[in-house]
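Chemist: Generate a structure from the sequence data that follows.
(one chain, ligands or ions: 3)
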Amino acid sequence: MSQQVQGVISRAKGAPVETTTIIVPDPGPGEAVVRIHACGVCHTDLHYREGGINDEFPFLLGHEAAGTVESVGEGVTDIEPGDFVILNWRAVCGQCRACKRGRHQYCFDTHNAKQKMTLEDGTELSPALGIGAFADKTLVAAGQCTKVDPNASAAAAGLLGCGIMAGIGAAINTGEVTRGDSVAVIGCGGVGSAAVAGARLAGANRIIAVDLEDRKLEWARGFGATHTVNASRTDPVEAVRELTDGFGADVVIDAVGLPTTYEQAFYARDLAGTVVLVGVPTPQMRLELPLLDVFGRGGALKSSWYGDCLPSRDFPMLIDLYTQGRLDLDGFVTEEIGIGDVEEAFARMERGDVLRSVVRL
Ligand SMILES: NC(=O)c1ccc[n+]([C@@H]2O[C@H](COP(=O)([O-])OP(=O)(O)OC[C@H]3O[C@@H](n4cnc5c(N)ncnc54)[C@H](O)[C@@H]3O)[C@@H](O)[C@H]2O)c1
Ligand SMILES: [Zn+2]
Ligand SMILES: [Zn+2]
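Modeler: Ligands and ions are numbered 1, 2, ... in the order given. Below is the predicted model:
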């Protein structure tokens, strides 16, 4: 058995996305079908469409989603139909070397659905990050469903499924920001603004937001930035140093992912400070740094996949903070759109008009 629903696919590199009929199989052992309520538009979806992630077209896009479990396959015990869940792309295996060492956040063998969703002609789809949630329903591994408080708004909750978790986690998990730290965040889209919010949650006392757009900087202030730098007018490295008594920040988070922004992050950091790369580079990008500076400046150069999160630990905790009014997830939802509006949402993202457009289904 299977069902036909509408989904947004990217058929070929650079081509506009299209809404079409997709076939969702019934859940097999260890799988679940989820009725999607809301799914945010992340820059990673655009990377997929541009062929920046891999060449496995056609992609079923969308991966920042919340919904209700519709049906589960054999052997699924952690979730049941009717549960309100956030979809995650880190369903840990429990068996790999990382998991066995208790470092589940680095799991090397995360689970996705074994069966494939397809087009009507049988062409297999590659769901973005193993999710594919610009669709009325999607098929995932049961472990990709994290149960949270159903009182949370689906649009806000879904954002924790990727970019907002990645940003918050880049600050609190990877960067280990703590009370009294100075933090700079380069690029304040959804991910970077979430890093600002994470730095505030962790108790950083100086939070410097850097972007090219004044509108983004204004929003970042709302999430907790104490200072802002427009890098189209001011050298961000100089500015961050000036705002940190000449030292540089303890933690600098690159939420853009370009060689230039990485180099800025590297030099805007105090001696023995930490750089966190959370923006995703493309395969062509190269970095050149004097190795003596890498050595001489000390500290740590880290990358943050998904904010080093553990969905089962971090999603319910952050949803609690949200329902208590201590984490403004609603503030990331700039607009709610229909399933046919993803292409325009990409354009608005590229123009810098939005933090997150969220598709309501
Ligand atoms: N590591 C992860 O797990 C993870 C998860 C989700 C997204 N991402 C990645 O994070 C990055 C940001 O995603 P997003 O959804 O926030 O994108 P976005 O397009 O909403 O935000 C990017 C921001 O960077 C700003 N910017 C661009 N160039 C800049 C520069 N030279 N200096 C300063 N600011 C600059 C833009 O104005 C914009 O505000 C993307 O590369 C995305 O793929 C990573
Ligand atoms: Zn594992
Ligand atoms: Zn994402």
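Chemist: these two touch, right, Ser304 and Leu277?
Modeler: Yes - if you go by C-beta atoms under 8 Å, Ser304 and Leu277 touch, sitting 6.8 Å apart. No exception for glycine: its C-beta is placed from N, CA and C like everyone else's.
Chemist: give me every residue that touches the residue in the chain positioned nearest to ligand 1.
Modeler: Closest residue of the chain to ligand 1, C-beta to the nearest ligand atom: Gly189 (1.8 Å). Taking C-beta atoms under 8 Å, 6 or more residues apart in numbering as the contact definition, Gly189 lies against His43, Gly163, Asp211, Lys216, Ala255, Met349, Gly352, Leu355.
Chemist: Could you tell me which ones among these also sit near ligand 3?
Modeler: Subset of the contacts of Gly189 in contact with ligand 3: Gly163, counting by C-beta under 5 Å from the ion.
Chemist: for the residue of the chain closest to ligand 1, phi and psi?
Modeler: The phi and psi values for Gly189, taken as degrees, to the nearest 10, are phi -80, psi -150.
Chemist: what is the nearest residue to Glu18 once chain neighbours are set aside paired to in the beta sheet?
Modeler: Nearest non-adjacent residue to Glu18, counting by C-beta to C-beta, 6 or more residues apart in numbering: Ile9, 6.0 Å away. Under DSSP bridges, the beta-bridge partners of Ile9 are Glu18, Leu60.
Chemist: Just confirm Ile9 contacts Pro16, I think it does.
Modeler: No - proximity of Ile9 to Pro16 does not meet the contact threshold set by C-beta under 8 Å, at 10.7 Å.
Chemist: are any of the contacts of Gly189 buried, and which?
Modeler: Neighbour-count burial (16 or more other C-beta atoms under 10 Å) is assigned, among those, to His43, Gly163, Asp211, Lys216, Ala255, Met349, Leu355.
Chemist: among these, which two are most distant?
Modeler: For the buried ones among the contacts of Gly189, the farthest-apart pair by C-beta to C-beta is Gly163 and Asp211; their separation is 15.3 Å.
Chemist: on that earlier part again, what's the closest of the contacts of Gly189 to ligand 3?
Modeler: Gly163 (4.6 Å; C-beta to the ion).
Chemist: Can you get me a residue count around Ser126?
Modeler: Ser126 sits with 21 neighbouring residues when counted by other C-beta atoms under 10 Å.
Chemist: Can you pull the phi and psi angles for the residue lying closest to it once chain neighbours are set aside?
Modeler: In space, not counting the residues next to it along the chain, Ser126 is nearest to Glu56; the distance is 4.2 Å by C-beta to C-beta, 6+ apart. Comment: the main-chain dihedrals of Glu56 come out as phi -80, psi 50, following degrees, to the nearest 10.
Chemist: Kindly provide the distance from Glu56 to Ala128.
Modeler: Glu56 sits 10 Å away from Ala128, taking C-beta to C-beta, to the nearest Å as the criterion.
Chemist: Who has more neighbours out of the two?
Modeler: With other C-beta under 10 Å as the criterion, Glu56 and Ala128 differ in neighbour count, and Ala128 comes out ahead with 26 against 11.
Chemist: Could you check how far that one is from His43?
Modeler: 12 Å.
Chemist: Out of the buried ones among the contacts of Gly189, which are close to ligand 1?
Modeler: Within the set of those, contact with ligand 1 (C-beta under 6 Å from any ligand atom) is found for His43, Gly163, Asp211, Lys216, Ala255, Met349.
Chemist: Then the fourth one would be within a helix, right?
Modeler: Yes - going by DSSP: H, G, I helix; E, B strand; the rest coil, the assignment for Lys216 places it inside a helix.
Chemist: how about it, what does it touch?
Modeler: When contacts are counted by C-beta under 8 Å, 6+ apart, Lys216 is found next to Cys188, Gly189, Gly192, Ser193, Ala209, Gly352, Leu355.
Chemist: Out of the residues you listed, which sit inside strands?
Modeler: Secondary structure assignment (DSSP state E) places Ala209 from the contacts of Lys216 within strands.
Chemist: Name the nearest of the contacts of Lys216 relative to Glu124.
Modeler: Gly189 (31.3 Å).
Chemist: so Cys39 sits in a helix?
Modeler: No - Cys39 sits outside any helix when classified using three-state DSSP, being strand.
Chemist: what about it, how many neighbours?
Modeler: Cys39 has 35 nearby residues by other C-beta under 10 Å.
Chemist: now Glu64
Modeler: 35.
Chemist: ok, now how distant is the residue nearest to it when sequence neighbours are not counted from Leu160?
Modeler: Of all residues not flanking Glu64 in the chain, Gly40 sits nearest, at 3.6 Å (C-beta to C-beta, 6+ apart). Taking C-beta to C-beta as the measure, Gly40 and Leu160 are separated by 10 Å.
Chemist: joint contacts of those two?
Modeler: Counting by C-beta under 8 Å, 6+ apart, the shared contacts of Gly40 and Leu160 are Glu64.
Chemist: Of the two, which one has the most company?
Modeler: Comparing Gly40 with Leu160 by other C-beta under 10 Å, the one with more neighbours is Leu160, at 34 against 30.
Chemist: how close does that one sit to Gln264?
Modeler: Separation of Leu160 from Gln264 (C-beta to C-beta): 28 Å.
Chemist: for Leu119, same thing?
Modeler: 43 Å.
Chemist: same question, Val276
Modeler: Taking C-beta to C-beta as the criterion, Val276 is separated from Gln264 by 13 Å.
Chemist: any common contacting residues for the two?
Modeler: Common neighbours of Val276 and Gln264, using C-beta under 8 Å, 6+ apart, are Val252, Asp254.
Chemist: With neighbour numbers in mind, choose between those two.
Modeler: More neighbours sit around Val276 than around the other of Val276 and Gln264, counting by other C-beta under 10 Å; the figures are 30 against 23.
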